[in-house]
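# What follows is a predicted structure for the sequence shown.
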Amino acid sequence: MLTNTIATRVAAIAGFLAVALGAFGAHGLKKILEQNGTAAIWETAVFYHFIHAVMLFVLTGRKPLAAGPWWCFLAGIVVFSGSLYLLAVTDAHWLGAITPLGGLSFLVGWLWLAITAVRAKD
């Protein structure tokens, strides 16, 4: 069962990884990303990763925890950003076919929040 404590810890780890991967891309992987011409792809992965890591954290403050959107955002980070990280490092463009599934997960999470916010007001 997903508790607020576990969700907060996972959100914090996701945020840590977003910052660490951003720095690693800018410094440790700079040569590979320049060679592959994929620095912008890495930056996009970090951007979406970080925004949704913050959202994971925001959702942990809701009572009760909005578990559905939380899981959608986590899945989006793993699939969307994860596929872009791999694509940027390996230059394996077939990974781009997986990326939209993560984007869809982000969209479902946001829509789910919109629907549940409307219900909460009624």
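Alright, I've got the coordinates. Computed from a prediction, not measured in an experiment: that's the story for all the values here. Numbering: from 1, shown residues only.
# Helices of the chain, residue ranges please.
Residue ranges of the helices in the chain, as given by DSSP state H, are 4-26, 30-36, 39-60, 67-76, 82-90, 99-121.
# What pLDDT is listed against the nearest residue to K30 once chain neighbours are set aside?
Take K30 and drop its neighbours on the chain: the residue closest to it by CB to CB, 6 or more residues apart in numbering is A39, 7.7 Å away. (C-beta placed from N, C-alpha, C; glycine too.) The model reports A39 with a pLDDT of 97.
# burial measure for A75, as a count.
Per other CB atoms under 10 Å, the neighbour tally for A75 reads 19.
# could you check the distance from the residue lying closest to it once chain neighbours are set aside over to L65?
Spatial nearest neighbour of A75, excluding adjacent residues (CB to CB, 6+ apart): S105 at 4.5 Å. According to CB to CB, to the nearest Å, S105 and L65 sit 18 Å apart.
# the more surrounded of the two?
Higher neighbour count among S105 and L65: S105, with 21 against 17, using other CB under 10 Å.
# confidence score at the most centrally placed residue in the chain?
Geometric centre of the chain, nearest residue: I77, 2.4 Å, by CA atoms, centre = their mean. Here the pLDDT value assigned to I77 is 98.
# Please name the residues that touch it.
For I77, the contact set (CB atoms under 8 Å, 6 or more residues apart in numbering) comprises A14, Y48, H49, H52, A53, L56, G102.
# out of those residues, who's nearest K30?
Of all these, H49 has the smallest distance to K30: 18.3 Å, by CB to CB.
# Could you count how many residues lie near the closest one?
Number of residues near H49 (other CB under 10 Å) recorded here: 25.
# Same check on A114?
A114: 11 neighbours (other CB under 10 Å).
# Relative to Q35, how far out is it?
Following CB to CB, the distance that separates A114 from Q35 is 42 Å.
# now the helix or strand bottoming out on mean pLDDT in the chain and helix 39-60, what's the angle there?
Least confident helix or strand, the chain: helix 99-121 with a mean of 90, by mean pLDDT, DSSP states H and E. If you take axes from the mean of the first three to the mean of the last three CA atoms, to 10 degrees, helix 99-121 sits at 30 degrees to helix 39-60.
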